[in-house]
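**Q** Just a sequence and a predicted model for now, questions to come.
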Amino acid sequence: MYKRAVKIVDARMGILSNNEKLIHEPRYFEGQVMESLLTNIHSIEKIPFSDDLDSYFVVVDEPNVQPQVKVTEKVCSCTGDFTRYEKECSDNRYSLFGNLGLFFKYLLATLERHHNIYSFHASSMYSPSRNTLLMVVGGAGAGKTVFLLKGLEDDWRIFSTEMTHFRFTDKGYEFTMGSLYDNIRLGNLIYDFPQANQRLKVDIPPGVTDVWGHKIAIDMGHISAELRYLNPRVTLVDAKIESGRDKPIVKTVTRKEKIVKILFDNCTEKLGPTLVFYDVIPVESFDTPELMGRRLKVMTRFVEEVVMNPVKSVLAGAKNCMEGI
């Protein structure tokens, strides 16, 4: 078996396979493309392989076998005709190493289980003048990227385009940077936020006729914040963006239980659901009752101990998304 090991945030994970190319595929581990893991996480550090890593991800690439996935706390084992699946699947994001795939889910479970690090499906920015971390939560299609583009018109700096990592420490609480690549709709850059593109410096690809239907992966590293922040003030926004909405609807969320639920649901969103990968292989949830119980306690503590501005629920258009926050 071919072996490699990586460190992502604090998780140390071993990857093994009889197919060396599969576990080093640049499009997943290095690429600035839609399916890259780097559209979820900040960096992938190479570390020595050893027998005492946090977890192991084992891939057996064999033709003419029934695909199978087995998951334990220490090992995720996958068997199947992955060489063929890689070529034939309709969306490589839902693959072994795609940004919506199996390895990423196992990473989130490893971070929680071994390091008490919780990963919000949240775009986030930091403002030095405010000493504030703005965390925008919401599911796929909620419009979180719009807040990043709007924030670039002010002094906000990018902290994460997709996943924002959090944990309590003996010094308080700590946020760790997530991805700096984002899949952005061209129409938002051209028509909604031309000022933001002055900071992003994105060249519009030639020959694109449908700018609203075309997304590109953009590297925001040159306008990023610091890698970690200890005990910042936090503004939490539960967002939904609708095109053409002229007047935003902004509500303040005051009930503790409601805020805890927003945080818990968001932190579970990428880890909890079942998955069909390569179009043909259904996989059960990687979540467990033990992890869920611990997560709920941490989210309750988050509401009790993190210094927060009033929590906002926002229904807005692209250009007015920051009004009332």
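**A** Great, that's in hand.

**Q** Show me what the lengthiest helix in the chain is packed against.
**A** As assigned by DSSP state H, the longest helix anywhere in the chain is helix 289-305. Packing partners of helix 289-305 (3 or more CB pairs under 8 Å, 6 or more residues apart in numbering; DSSP states H and E): helix 102-115, strand 118-127, strand 163-169, strand 172-176, helix 256-268. C-beta here means a position set from N, CA and C on the backbone, and glycine is covered the same way.

**Q** Format these as TSV; extra columns: mean neighbour count, distance to G138 and mean pLDDT.
**A** Listed next are the helices and strands packed on helix 289-305 as TSV, based on neighbours: other CB atoms under 10 Å; distance: least, CB to CB, whole Å; pLDDT from 0 to 100:
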stretch	mean neighbour count	distance to G138	mean pLDDT
helix 102-115	23	18	98
strand 118-127	26	8	96
strand 163-169	21	12	97
strand 172-176	19	18	98
helix 256-268	18	8	97
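
**Q** For R185, find the nearest of these.
**A** Within the helices and strands packed on helix 289-305, the stretch nearest R185 is strand 118-127; the backing value is 14.0 Å (CB to CB).

**Q** Which helix or strand lies directly C-terminal to the closest one?
**A** Per DSSP states H and E, strand 118-127 leads on to strand 132-137 as the next helix or strand towards the C-terminus.

**Q** and the direction of that following strand versus that of strand 118-127, what angle?
**A** 130 degrees (axes from the mean of the first three to the mean of the last three CA atoms, to 10 degrees).

**Q** gap between strand 132-137 and the chain center?
**A** Centroid separation for strand 132-137 versus its chain: 14 Å, with CA atoms, centre = their mean, to the nearest Å.

**Q** And stretch 267-282, by the same measure?
**A** With CA atoms, centre = their mean, you get 14 Å for stretch 267-282.

**Q** can you list the domains in this structure?
**A** Following automatic domain parsing, one finds the domains of the chain at 2-115, 118-268+295-316.

**Q** Among those, which comes closest to D279?
**A** domain 2-115 (5.2 Å).

**Q** So for the closest one, first residue to last residue, what's the gap.
**A** Terminal residues of domain 2-115 are spaced 27 Å apart (CA to CA, to the nearest Å).

**Q** show me where the chain has helices.
**A** So, for the chain - with DSSP H - the helices run 26-29, 82-88, 102-115, 144-151, 186-187, 194-200, 256-268, 289-305.

**Q** Verify the contact between L200 and L189 for me.
**A** Yes: in this structure, L200 is within contact of L189 by CB atoms under 8 Å, at 7.3 Å.

**Q** what's the average pLDDT for stretch 28-48?
**A** Here stretch 28-48 scores 93 as its mean pLDDT.

**Q** Need the residue in this structure that's farthest from the chain's center.
**A** N64 (33.9 Å; CA atoms, centre = their mean).

**Q** confidence score at that one?
**A** Predicted confidence (pLDDT) for N64: 89.

**Q** re the thing from before, go through the domains of the chain and name the closest to L275.
**A** domain 2-115 (6.8 Å).

**Q** Tell me the spacing between the closest residue to G172 other than its chain neighbours and A122.
**A** Nearest residue to G172, sequence neighbours excluded (CB to CB, 6 or more residues apart in numbering): N231, at 4.2 Å. Here N231 is placed at a distance of 18 Å from A122 (CB to CB, to the nearest Å).

**Q** Check K3 too.
**A** 33 Å.

**Q** where in the stretch 151-300 of the chain is pLDDT low?
**A** By pLDDT under 70, the stretch 151-300 of the chain contains no weakly predicted segment.

**Q** which residues touch the residue nearest the centre of the chain?
**A** Among the residues of the chain, the one closest to the centroid is M163, at 3.0 Å (CA atoms, centre = their mean). Residues in contact with M163, defined by CB atoms under 8 Å, 6 or more residues apart in numbering, are 40-41, 119-122, 178-179, 270.

**Q** again with F286
**A** By CB under 8 Å, 6+ apart, the residues touching F286 are 71, 105-106, 108-109, 271-272.

**Q** same thing but 7 Å
**A** The contact partners of F286, taken as CB atoms under 7 Å, 6 or more residues apart in numbering, are 71, 105-106, 109, 271.
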